[in-house]
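Give me a model of this one.
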Amino acid sequence: MTHLTPARRRLALFALALGGFGIGCTEFASMGLLPQIAQNLMPDIFGASPETGIARAGWLVSAYAVGVVVGAPLISFLAAKSSRTVMLLVMASILLAGNLASALVPTFGSLLVVRFLAGLPHGAYFGLASLVAATVMGPGNQAKGVALALSGLTVANVVGVPVMTAIGQSYGWRMAYGAVAVIFAVTVVGLWLTVPRQEPMLGASRRGELRAFSRPQVWIVMAVAAVGFGGFFAIYTYLSQMGRELAGLPAGAIPWLLAVVGVGMTIGNVIGGVSADRSARRTMAVGFPALAVALLLMGALGGSPVGIFVAGFLMSLVNSYIMPSIQSWLITAAGPAELMGASLNHAAFNVANSLGALLGGAVISAGFGYRSPAVVACVLAVAGALLAFLGVQRQKADRRRRLASGHPVTSSQTAV
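Now for the predicted structure:
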């Protein structure tokens with residue numbers, strides 16, 4: 001990579017994080033705008049039953065998540081022999097087009113399709129941004145590079161999501177998507193001007209990227225992320241409604257609730273990046289049990305105006321604390337196919353997004369009330385913790401077998 005001055009390095013990292021900020025806005029702001037979208041595009045269903053209308057609008061969250069799941073491995077495969085920086089520009093441009101289209105489509109069905117398409121570049125962007133950020137920051141900073149790429153997403157939940165929610169409440173949900181399109185326009189310009197071009201990785205191949213799927217450890221880590229983080233989304237998808245229906249918050253307080261959750265995400269991400277570089281295993285051992293408790297607290301305290309703020313902060317802090325460990329583990333487990341590994345984390349994360357949104361919406365639609373997603377969430381977090389434990393034990397066993405047979409131990413056998 002071209003030698004960077006400190007100023008250009010900071011600007012390059014900012015441009016990379018800005019793309020993550022835009023993704024955070026488009027992904028999570030949708031959750032805060034579900035009532036407006038349901039009322040505008042499905043007036044008959046919403047009029048007959050607001051709960052059913054909001055749960056149906058939750059399909060938009062799942063459609064975006066499915067787009068991420070499909071797009072992450074597909075685009076990583078196609079991008080294997082391309083310049084990472086060129087592909088970043090392509091991904092940011094597609095995100096720009098997807099959000100502009102989201103602001104313009106006329107029906108719920110067409111919006112559902114566009115949200116799926118808008119999700120396609122999500123995982124690949126974060127995977128590429130994580131690897132490029134780690135290169136810009138220098139050797140020994142893999143987890144910190146991951147955290148930097150994710151920092152835009154977490155900051156989006158402090159500033160972007162509350163602002164987009166307020167814009168949606170005041171000027172209509174279409175304006176919110178239009179504002180996100182502007183963010184991606186700035187991102188494209190910033191990436192073009194500040195991030196130095198990287199040539200395709202020497203020896204990289206599409207076949208090599210596909211070999212990630214032949215590694216059992218990759219599937220285990222993806223399962224940990226898909227199940228373990230599903231609990232967070234079972235609550236977060238419907239947090240706006242929980243604030244209104246359970247805690248009795250006025251509409252004007254919802255952006256503040258989302259901002260507090262975003263602060264928790266940001267702090268957790270920073271602490272988690274440092275902790276993961278020291279010991280990803282220890283980070284997960286502390287993080288998953290704490291996440292299960294925090295999710296239960298949301299059910300217990302969600303009926304209090306103060307309690308929902310406290311529980312939301314703790315829930316988001318612990319969830320984001322674990323995330324850099326999972327992505328760092330997955331990149332290492334993928335071996336030479338590090339782009340696929342970096343992207344698959346976001347595919348798994350959005351399986352969690354879709355799973356949590358569907359299960360949370362299912363128990364609400366079944367009449368169990370807005371506290372019920374907390375129980376679903378806790379079960380998912382505990383299941384994620386068990387999968388992580390089994391994954392670490394399998395890794396230890398593989399390492400012992402290789403040492404006993406005289407084979408060298410690769411980095412994928414010492415990922416955590």
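
Return the alpha-carbon coordinates of stretch 214-234 using PDB.
Output in PDB follows, covering the C-alpha atoms of stretch 214-234 (Å, rounded to 0.1, in the frame of the first residue of the first chain):
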ATOM      1  CA  SER A 214     -15.000 -26.700   3.500                       C
ATOM      2  CA  ARG A 215     -13.700 -25.800   7.000                       C
ATOM      3  CA  PRO A 216     -16.000 -27.000   9.800                       C
ATOM      4  CA  GLN A 217     -14.800 -24.300  12.100                       C
ATOM      5  CA  VAL A 218     -16.200 -21.600   9.700                       C
ATOM      6  CA  TRP A 219     -19.700 -23.200   9.900                       C
ATOM      7  CA  ILE A 220     -19.500 -23.400  13.700                       C
ATOM      8  CA  VAL A 221     -18.500 -19.700  14.100                       C
ATOM      9  CA  MET A 222     -21.300 -18.700  11.700                       C
ATOM     10  CA  ALA A 223     -23.800 -20.700  13.800                       C
ATOM     11  CA  VAL A 224     -22.600 -18.900  16.900                       C
ATOM     12  CA  ALA A 225     -23.200 -15.500  15.300                       C
ATOM     13  CA  ALA A 226     -26.500 -16.500  13.700                       C
ATOM     14  CA  VAL A 227     -28.000 -17.800  16.800                       C
ATOM     15  CA  GLY A 228     -26.300 -15.900  19.600                       C
ATOM     16  CA  PHE A 229     -27.000 -12.400  18.200                       C
ATOM     17  CA  GLY A 230     -30.500 -13.300  17.200                       C
ATOM     18  CA  GLY A 231     -31.600 -12.500  20.700                       C
ATOM     19  CA  PHE A 232     -30.600  -8.900  20.300                       C
ATOM     20  CA  PHE A 233     -32.700  -8.500  17.200                       C
ATOM     21  CA  ALA A 234     -35.700 -10.200  18.700                       C
END
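
so how far is it from its chain's centroid?
Distance of stretch 214-234 from the chain centroid (CA atoms, centre = their mean, to the nearest Å) equals 12 Å.

May I see the buried residues of it?
215, 217-234 (16 or more other CB atoms under 10 Å). All C-beta spots, glycine's among them, are computed from the backbone N, C-alpha and C.

Next one: Leu386, what pLDDT does it get?
Leu386 carries a pLDDT value of 93.

where's it, which helix or strand?
Leu386 belongs to helix 372-404 when elements are defined using DSSP states H and E.

Show me where the chain dips below the pLDDT cut-off.
Within the chain, the ranges that satisfy pLDDT under 70 run 1-4, 138-150, 199-205, 402, 406-416.

Show me which helix runs longest in it.
With secondary structure taken from DSSP state H, the chain has its longest helix at helix 254-301.

Hmm, Val218 is touching Gly341, no?
Yes: if you go by CB atoms under 8 Å, Val218 and Gly341 touch, sitting 6.8 Å apart.

Which neighbours do those two have in common?
Listed as contacting both Val218 and Gly341 by CB atoms under 8 Å, 6 or more residues apart in numbering are Ala212, Leu330, Ala333, Ala334.

List the contacts of the last one.
Spelled out, it's Ala334. By CB under 8 Å, 6+ apart, the residues touching Ala334 are Ala212, Arg215, Val218, Met340, Gly341, Ala342, Leu344, Ser412.

now, which of those sits nearest Phe368?
Taking CB to CB as the measure, Phe368 lies nearest Leu344 of those, at 33.1 Å.

Next one: that closest one relative to Ile322, how far apart?
16 Å (CB to CB, to the nearest Å).

picking up where we left off before, between helix 372-404 and the longest helix of the chain, find me the angle.
Interaxial angle of helix 254-301 relative to helix 372-404 (axes from the mean of the first three to the mean of the last three CA atoms, to 10 degrees): 80 degrees.

Near Phe77, how many other residues are there?
If you count neighbours by other CB atoms under 10 Å, Phe77 ends up with 18.

likewise Ala7?
Other residues lying near Ala7 total 9 when counted by other CB under 10 Å.

Quick check: the gap between Val224 and Leu339.
Using CB to CB, we find Val224 at a distance of 20 Å from Leu339.

Repeat that for Ile54.
As judged by CB to CB, Ile54 and Leu339 stand 37 Å apart.

More neighbours: the two, which one.
Leu339 (28 against 24).

With adjacent residues omitted, what lies nearest to the more buried one?
With sequence-adjacent residues excluded and distances taken as CB to CB, 6 or more residues apart in numbering, Leu339 is closest to Ser76, at 5.1 Å.

Assign a three-state SS to that neighbour, would you?
Classification of Ser76 by DSSP: H, G, I helix; E, B strand; the rest coil places it in helix.

what's the answer for Leu249, then?
The local conformation at Leu249, judged by three-state DSSP, is coil.

List the contacts of Leu193.
So Leu193 contacts Leu11, Ala15 (CB under 8 Å, 6+ apart).

follow-up on the earlier one: please pull up the helix or strand immediately following the longest helix of the chain.
Next helix or strand after helix 254-301 toward the C-terminus (DSSP H and E): helix 305-333.

Distance from the chain centre to the helix or strand just after that next one, please.
Using DSSP H and E, the helix or strand that follows helix 305-333 in sequence is helix 338-363. Helix 338-363 sits 8 Å away from the centroid of its parent chain (CA atoms, centre = their mean).
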